[in-house]
Structure formats: C-alpha cells, structure tokens
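Q: structure for the following, please:
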Amino acid sequence: MKLPIFIADAFTTRAFLGNPAAVCLLENGISDVQDQENEKISKELSFTKTVLFPRKVHSEDTFSKEGSCFGLRWFTPASEVPLCGHATLASAAVLFHKIKNVNSTLTFVTLSGELKARRAEDGIILDFPLYPTYPQDFHEVEDLIKTAIGDTLVQDIRYSPDTRKLLVRLSDTYDRSFLENLKVNTGNLLQVENTGKVKGLILTLKGEPGGQTQAFDFYSRYFSPWFGVAEDPVTGSAHTVLGSYWSQQLGKKEMRAFQCSRRGGELEVSLRPDGRVDIRGGAAVVVEGTLTA
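A: Residues are numbered from 1 along each chain as shown. Okay, the predicted model is just below:
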C-alpha cells in the first residue's frame, strides 16, 4: 500500500526541535489485523509516535475541504497509546497547513474521547481533558524513584489514576540546568514497576523568573519505557496532569511551560471553565512524501 506521509516537529516553530511525529493519512478504516502493520511502521520510522487517521467519520468528508471530524489513533514502536498530544498537534498542522483543510476547528475521535484542535494566530490550540493528581505515599514508589533519579531531592509526589502517570516534583533548590542535565535511569524501571499502576514518569520543577532566559512557570521531563519510550521530547498528554498540579500550586490558570529534553519544547497551558485544558503550541512540517508498505 502507498500512504501520504508527513513528518512534523510539534511544540516548536523550528525544524529539528520539539517532538517529531509521522502523520499517515488513511482514506479507509483499518482492521485489527492491520494494527501489527501500524506498529511495524512506527518501528521503521523510529519515532516515539506514529499517528494514523484510520477513518473518516463521515463518508462524504475529505481531508482538505469540508471534512472536520476524523478518527485518530496513536502508535509507539511498542504499542498503541490512549492519548498523545504532540501527534494530535502534528496531525492538525498537516491538515491545516499542508492539506489546506478549510475549517477553523477539527474534531478527532480517539480512545480518550473527542479532542479538538483549532487554529490560532501563533499556533494551534488543543482542547484536552484535565486530569487531577493525588498525594502518593513515598514508600510505595520509593524503589521506582530511587532507580530513576538516585538520591535527587524530591519535594512532592503525586499520582494521576486516570493516566497512570507518576508526578515527581524535584526540590525548589534545583534550577532548570539541573533538570536538563539530570541522568535518569529508565533501563530498569520495567523490572522495578511491573504492576501496571505506573505507565509514565513526570519529573517537574518550579519555574524561574525572567532574566537572561525566558520566564516559564514550570519545567518538566517525561519518561515512559512501559510504552517503549525511554524519554519523550515534548509531551502534551503529560501537561494534562502538569496543568492541574501547577495551577493548584501557583494559583494560576494561564501558564507557560518548557519541557527540558535535548530537543526541548514550549507549551502554553490554559485551564478552561468547563474543567478541561487548552494546550497551545506550534509545529513545523519538515518532510512530506509517500510511504510504501
């Protein structure tokens, strides 16, 4: 089969930064038998996520004209995932900017319900769920944390049961450079945590006031070896948890965030009155072509 394919770097406006996603446009639905082929495509492309449009929700829709509602699934090299922010952003960017879809808002039908992406002057805004966090007893996750970050000082630990993400806030005595340079051991996490309770590890740090560097409200890094992703460059889904946590800690509804991976990415996080969260970011489409499989 031949598929139109695009590679877009999400949560950045510059090529080769942010988080890359491969976007494959499918005219027809895919069967469960083809799921294995989708995972093979993800492995072949060697990206953290390959996003697929398995179907058009309405048969009369087209990608480029009237179509505004599409099915959307996300695959890592290891498995399918229930929510992926950067791949959703990349998908919307391809439809808006390369396929020239005329709508101002797109709706994606996903495993996490309906997600919307709308045009903005300085990027694309994702309308996502907002997930609360709850205090987590340190002793229950001590082995996981010690394996990942050793004796690094921890200020707070929270757990999101909806997403199975563990949020670990590092001590306020650390700065951004410490988080950026922190060596995180993900190689043994699958052995240490194999109960299924934790599927993602968020390390986060309170932001710093502006000066010579740009001001951000909080920083983060994200790890999910349970889904075959040692470290994810920029993670929209993690900010559905981070937004909830830092809004409570800072008393703010509008926040600027930076994910401190090697590629790095910027996000604007806005809590909505309806209990959801808007995540704004840019995207740069760097490759377009045809995938032969």
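
Q: can you tell me the average pLDDT over stretch 70-86?
A: Averaged across stretch 70-86, the pLDDT comes to 88.

Q: CA atoms only for it, dumped as PDB, please.
A: Taking C-alpha atoms only, stretch 70-86 is exported to PDB below (Å, rounded to 0.1, in the frame of the first residue of the first chain):
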ATOM      1  CA  PHE A  70     -11.700  12.300  11.800                       C
ATOM      2  CA  GLY A  71     -10.800   9.100  13.600                       C
ATOM      3  CA  LEU A  72      -7.300   9.200  15.200                       C
ATOM      4  CA  ARG A  73      -5.100   6.500  16.700                       C
ATOM      5  CA  TRP A  74      -1.600   6.700  18.100                       C
ATOM      6  CA  PHE A  75       1.100   4.000  18.000                       C
ATOM      7  CA  THR A  76       4.500   3.900  19.500                       C
ATOM      8  CA  PRO A  77       7.100   1.300  18.400                       C
ATOM      9  CA  ALA A  78       5.900  -0.900  21.200                       C
ATOM     10  CA  SER A  79       2.100  -0.400  21.400                       C
ATOM     11  CA  GLU A  80      -1.000   1.700  20.900                       C
ATOM     12  CA  VAL A  81      -1.400   4.600  23.400                       C
ATOM     13  CA  PRO A  82      -4.700   6.200  24.600                       C
ATOM     14  CA  LEU A  83      -3.600   9.800  24.300                       C
ATOM     15  CA  CYS A  84      -0.800  11.700  22.500                       C
ATOM     16  CA  GLY A  85      -0.700  15.500  22.500                       C
ATOM     17  CA  HIS A  86       2.200  16.100  20.100                       C
END
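
Q: and it, which residues are buried?
A: By neighbour count on 16 or more other Cβ atoms under 10 Å, the buried set for stretch 70-86 is 70-77, 80-86. In this view, the C-beta of every residue, glycine as well, is placed from N, C-alpha and C.

Q: what do you get for stretch 100-112?
A: The neighbour-count check on stretch 100-112 (16+ other Cβ under 10 Å) flags 101, 103, 106-110, 112 as buried.

Q: that older thread, return the subset of the buried residues of stretch 70-86 lying in strands.
A: Residues of these located in strands (DSSP state E): 70-71, 73-75, 80-81.

Q: doesn't L126 fall inside a helix?
A: No - going by DSSP: H, G, I helix; E, B strand; the rest coil, the assignment for L126 is strand, not a helix.

Q: worst-scoring helix or strand of this structure, pLDDT-wise?
A: helix 35-45 (a mean of 61; mean pLDDT, DSSP states H and E).

Q: so what's the residue count around A230?
A: 13 (other Cβ atoms under 10 Å).

Q: typo on my end, it should be A215
A: For A215, the count of nearby residues is 11 (other Cβ under 10 Å).

Q: which residue, other than its chain neighbours, is closest to it?
A: Leaving out its chain neighbours, the residue that sits closest to A215 by Cβ to Cβ, 6 or more residues apart in numbering is P209, at 5.8 Å.

Q: now for the buried residues of stretch 70-86: which two are most distant?
A: The distance between the two most remote of the buried residues of stretch 70-86 (Cβ to Cβ) is 23.2 Å, for F70 and P77.
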